[in-house]
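> any chance you could fold what I've pasted below:
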Amino acid sequence: MAGWSVLSLASPCLPTRLPADQRRGYKNVFNALVRIAREEGVPTLWRGCIPTMARAVVVNAAQLASYSQSKQFLLDSGYFSDNILCHFCASMISGLVTTAASMPVDIVKTRIQNMRMIDGKPEYKNGLDVLAKVVRYEGFFSLWKGFTPYYARLGPHTVLTFIFLEQMNKAYKRLFLSG
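Just a heads-up that it's a prediction; the model follows:
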């Protein structure tokens, strides 16, 4: 039976990509946890943990750095002042940069979480093996396949995050640092 992370379990409400004979038929998340631990071993529950942490690092580093740089660039251009329009534009640029930076790591994370066992061996050795195989068999630019929907999700998330952050900073300065 192929190993699966709890993070990659399909919701019963969503269609699954697996053929009917390969579906696991979990009754609920607790049933899935117990069966995965029993049938595939407890470490299987953490498959993909390292790539998930790596993705979080890349997303946060790209988001924070590109937002600060974009905001400063827009302010230095003379066309923007430090207001919501500037924050919105800097956030959208940040979302674009973050999408480009994080998609390859996201592909590695997803493939490791969903990898199969072939003749008793895992499909991939590690994240670098995933990248090498994807580039070799699917092409370099396949690392960014689905860029538009990914950005459509990440862009608004980034905008809301940074506009909220800027408004909270503004309120904090006004309420606690003005006096």
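> strands of the protein, start to end?
Ranges of strands in the chain, per DSSP state E, are 117-118, 121-122.
> and the first one, what does it pack onto?
Okay, so that is strand 117-118. On a contact count with 3 or more CB pairs under 8 Å, 6 or more residues apart in numbering; DSSP states H and E, strand 117-118 meets no helix or strand. Placement of C-beta: from N, CA and C, glycine included.
> partners of that strand, with directions?
Its sheet considered, strand 117-118 pairs with strand 121-122 (antiparallel) by DSSP bridges.
> for the protein, where's the lowest mean pLDDT among helices and strands?
strand 117-118 (a mean of 86; mean pLDDT, DSSP states H and E).
> so how far is that one off the chain centroid?
25 Å (CA atoms, centre = their mean, to the nearest Å).
> tabulate the strands of the chain in TSV, adding columns for mean neighbour count and distance to N60.
As requested, the strands of the chain are arranged in TSV below (neighbours: other CB atoms under 10 Å; distance: least, CB to CB, whole Å):
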stretch	mean neighbour count	distance to N60
strand 117-118	10	32
strand 121-122	12	28
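> domain parsing for this protein?
By the assignment in the TED database, the chain contains the domains 1-78, 81-178.
> distance between the ends of the last one?
Okay, so that is domain 81-178. 21 Å (CA to CA, to the nearest Å).
> right, I'll leave it there.
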